[in-house]
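A.B. asks: build me a structure from this.
(one chain, ligands or ions: 1)
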Amino acid sequence: MFIVRVMPIARGVFRDHLTFFSRDAIPAGMIVTVSVRNRSLPALVIESRDAREEKLDLRSADFSLKKISPKTRPKRIVTTAFVAAVKDAALWHGVHESIMFATLTSQVILTASNKLEAVTEPTAHLSLETEPTVRADLLVLQAEKEERVRTYRNLARESFARGESVMIIVPTVTEAEQMEENLKRGIEDHVLLLTSEVSKKKIIEAWNRCSTDTKPVLIIGTAFALSAPRTNIGTIVVERESARGYRGFSRPHVDVRRCAESLCRRMGARLILADFPLRIETRYRVDAHEMDELARSQVRPSGTAEISIVDTRKKEIPLEQTSKKVKRVFTALTEETKEKMHREILRGGRAIVFAARRGIAPLTVCNDCGTPVTDPHTGVPMVLHKTADGNQFMSHRSGATLPSETPCKTCKGWNLVTLGIGVERVADELAKAFPDSPLITFTKDSAPTHRTAKKLSEEFFSTEGAILVGTERMLPYLKKPVEIVAVASLDSMLSITAWRAHEHTLSILFYLQEHAELEFIVETRKPDSEVMKTFASGNPADFYRGDIAEREQYGYPPFTTFIGLLWKGTKVSVEKTSLAITEIFSDTDLVGPLPPIAIGKNEWSARAVIRIPRKEWPHTGLAQRILELPPNIEVTVDPDEIV
Ligand SMILES: [Zn+2]
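C.D. replies: So this is what the prediction gives:
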């Protein structure tokens, strides 16, 4: 008799896993039919174990074991290597395997299991218990996009000649579509696009082609493409590996790059992490001889656009000088920059303007007593936003709003001034300066979905003399360079203390530079920051050397793995959890728990971090303890920030 752990597939019925009896062992990755609350449901097998070896588990089981209906014939829908990779990735991320499965596959596939062909595997004896014996080739490619695309084209051609398939994982749907557009010429019949925007019918078609047709294919897709049941993949590329989109914003905060690497190891395929510049942590793995270069790394950007870094502190106009402070006029863009934009637009060129922050202004203060406008629940500064009902203060932490006609809470005065430059303020100024030019604002607010975002992008690229102003939201949609690109504000990103924030800012600058044909202008009040100096030098390695030395000195990633813990609730419950965390992890290098902070009305949160030397993670014992934590504690292995 075998104990079979399965993940039932249905909306509404979801728990870690259910356990059933079966006379025969059913390998992981098979679909079976089980009965849950008197309903027959398809379920994915995660694991089968001989009942004789499971005595202890059986006695402590808190559920009654049922038999898997013998009528159903198990059918394999994902590869054995994928199942093994899911297990590895689940262990590394400190999450249950079923959650990892659900994250890396598609609901479309899981709910259409009756329409899927069974996967046939040439190597059916892959063991899931032991580490893979073939060392996967781990490679990096530091090159700008045009060169990367050229490399992928060659890669596909060479792989096809060897009878191998290639998979390119991209961070966003739009990049998948652009990549398909760039690579499909001449091999249209061999390209499979897998994104959440592809119709259900086409996804199922592609899936069945992967499982039944052995001719090599080029798979281009977002994270769930990793589960495509293709056995002859020789190379998996992670395109634009520095993209934040590879890290899930919501739980379980899975790092897709790491999952791709797990899959490569289990398949014996090579992995290529590609970008310009590569992440510091990726670059370090080359120095540590864990990864090799696919081709000689590109050192500097190749673009010919003229680059100017404008120190805006020198351009402010002092209005009046009081005993306390100098009152100044801030403009979102200097006259010189607007002048240059004018010239290009007159010639029918296009302009892109970047601003880091949403809203009109990230900070508003009382000009009389200096009190900032803050969220009444959490105390964080509120952002002034333009809304359909006029301007409003919004808290990006709790979502609280206040009317813009709110007096100073300290002196009840009305003399409020905005500080800092949000994208809506930039848009307002551009509308005034360029009354005849089509102006498109591109933010999470104006482009909440892929469809709306794509529409804005198409409108911009099909309109001569158009200006696009936006936040990070617009970046993946910049499908080709335009004449002039300007950064109106990015300084707020330079004051973020999280250790990856500056690296991220630098990569945004290089990304934008790649999209400027003739002129790239960066306006900043911090031209002396490391990020700006590195950007001006044009060599990302300058930043790498300083940053990696600092990380080593202070024991930050990649030298240490951080396991972030975050919990929310009432102040009392948060404090209670803090005590429990201290107790559970007393034998680890635990930093925190930090004192609770308010995140909303009667809502609090607290954090703690477990530090563990990089080579010691994943640690099975500690991973088990993390898995057993109550679900209100959010676990993020290798989080971007810890406070
Ligand atoms: Zn005041």
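A.B. asks: from the stretch 451-600 of the chain, which residue is nearest to the ion?
C.D. replies: Going by C-beta to the ion, the ion is nearest to Ala598 of the stretch 451-600 of the chain, at 22.2 Å. Every residue, glycine included, has its C-beta placed from N, CA and C.
A.B. asks: what is the one helix or strand Val45 maps to packed up against?
C.D. replies: When elements are assigned from DSSP states H and E, Val45 belongs to strand 39-50. Of the remaining helices and strands, those touching strand 39-50 by 3 or more C-beta pairs under 8 Å, 6 or more residues apart in numbering; DSSP states H and E are strand 2-8, strand 30-36, helix 97-104.
A.B. asks: next to the ion, which bits of this protein? Give me the list.
C.D. replies: The chain has residues Cys366, Asp368, Cys369, Thr371, Cys408, Thr410, Cys411, Gly413 near the ion, with proximity defined as C-beta under 5 Å from the ion.
A.B. asks: the residues you listed into TSV, with extra columns for neighbour count?
C.D. replies: Conversion of the residues of the chain next to the ion to TSV gives the following (neighbours: other C-beta atoms under 10 Å):
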residue	neighbour count
Cys366	20
Asp368	15
Cys369	13
Thr371	15
Cys408	20
Thr410	12
Cys411	13
Gly413	13
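A.B. asks: show me the contact partners of the top helix by length along the chain.
C.D. replies: When secondary structure is assigned using DSSP state H, the longest helix within the chain turns out to be helix 145-161. The contact list for helix 145-161, computed with C-beta atoms under 8 Å, 6 or more residues apart in numbering, reads 141, 143, 165-166, 168, 179, 182-183, 187, 190, 216, 218, 234-235, 237, 239, 274, 276, 294-295, 298, 514.
A.B. asks: buried stuff in that helix?
C.D. replies: Lys145, Glu147, Arg148, Thr151, Tyr152, Arg153, Leu155, Ala156, Ser159, Phe160 (16 or more other C-beta atoms under 10 Å).
A.B. asks: got JSON lines for those, with distance to Ala89 and pLDDT too?
C.D. replies: What follows is the buried residues of helix 145-161, written out as JSON lines (distance: C-beta to C-beta, whole Å; pLDDT from 0 to 100):
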{"residue": "Lys145", "distance to Ala89": "28", "pLDDT": "94"}
{"residue": "Glu147", "distance to Ala89": "30", "pLDDT": "95"}
{"residue": "Arg148", "distance to Ala89": "25", "pLDDT": "96"}
{"residue": "Thr151", "distance to Ala89": "26", "pLDDT": "96"}
{"residue": "Tyr152", "distance to Ala89": "24", "pLDDT": "97"}
{"residue": "Arg153", "distance to Ala89": "29", "pLDDT": "96"}
{"residue": "Leu155", "distance to Ala89": "24", "pLDDT": "95"}
{"residue": "Ala156", "distance to Ala89": "26", "pLDDT": "95"}
{"residue": "Ser159", "distance to Ala89": "24", "pLDDT": "94"}
{"residue": "Phe160", "distance to Ala89": "28", "pLDDT": "94"}
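A.B. asks: out of the residues you listed, who's nearest the ion?
C.D. replies: Comparing the buried residues of helix 145-161 against the ion with C-beta to the ion picks out Lys145 as the nearest, at 49.4 Å.
A.B. asks: how near is the closest one to Thr151?
C.D. replies: Applying C-beta to C-beta, to the nearest Å, the value for Lys145 to Thr151 is 10 Å.
A.B. asks: before we move on, which element is the residue lying closest to Val487 once chain neighbours are set aside in?
C.D. replies: The shortest distance from Val487 to any residue that is not its chain neighbour, by C-beta to C-beta, 6 or more residues apart in numbering, is 4.4 Å, and that residue is Val522. With elements taken from DSSP H and E, the one containing Val522 is strand 516-524.
A.B. asks: what's around Leu622, how many residues?
C.D. replies: Using other C-beta atoms under 10 Å as the criterion, Leu622 is surrounded by 18 other residues.
A.B. asks: ok so it is a helix residue?
C.D. replies: Yes. Under DSSP: H, G, I helix; E, B strand; the rest coil, Leu622 falls within a helix.
A.B. asks: quick one, domains of the protein?
C.D. replies: The chain resolves into domains spanning 2-115, 138-293, 306-358+421-550, 363-419, 560-637 when parsed by automatic domain parsing.
A.B. asks: I'd like those laid out as JSON lines, including distance to Glu121.
C.D. replies: Converted to JSON lines, these look like this (distance: least, C-beta to C-beta, whole Å):
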{"stretch": "domain 2-115", "distance to Glu121": "6"}
{"stretch": "domain 138-293", "distance to Glu121": "6"}
{"stretch": "domain 306-358+421-550", "distance to Glu121": "34"}
{"stretch": "domain 363-419", "distance to Glu121": "48"}
{"stretch": "domain 560-637", "distance to Glu121": "27"}
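A.B. asks: so which pair among the buried residues of helix 145-161 is furthest apart in space?
C.D. replies: Comparing all pairs in these by C-beta to C-beta, the longest separation belongs to Lys145 and Phe160, at 22.4 Å.
A.B. asks: what are the ranges of the helices in the stretch 251-400 of the chain?
C.D. replies: With DSSP state H, counting those that start in this stretch as the criterion, the stretch 251-400 of the chain has helices at 256-267, 280-287, 335-346.
A.B. asks: Val34 and Pro8 touch, don't they?
C.D. replies: Yes. With contact defined as C-beta atoms under 8 Å, Val34 and Pro8 form a contacting pair (6.2 Å).
A.B. asks: what pLDDT does Gly303 get?
C.D. replies: According to the predicted model, the pLDDT of Gly303 comes to 86.
A.B. asks: what distance do you get for it to Leu629?
C.D. replies: Taking C-beta to C-beta as the measure, Gly303 falls 48 Å from Leu629.
A.B. asks: equivalent analysis for Thr222, please.
C.D. replies: Spatial separation of Thr222 from Leu629 under the definition C-beta to C-beta is 29 Å.
A.B. asks: shaky segments in the protein?
C.D. replies: The chain contains residues with pLDDT under 70 at 10-16, 54-72, 122-136, 315-330, 643.
A.B. asks: all set, thanks.
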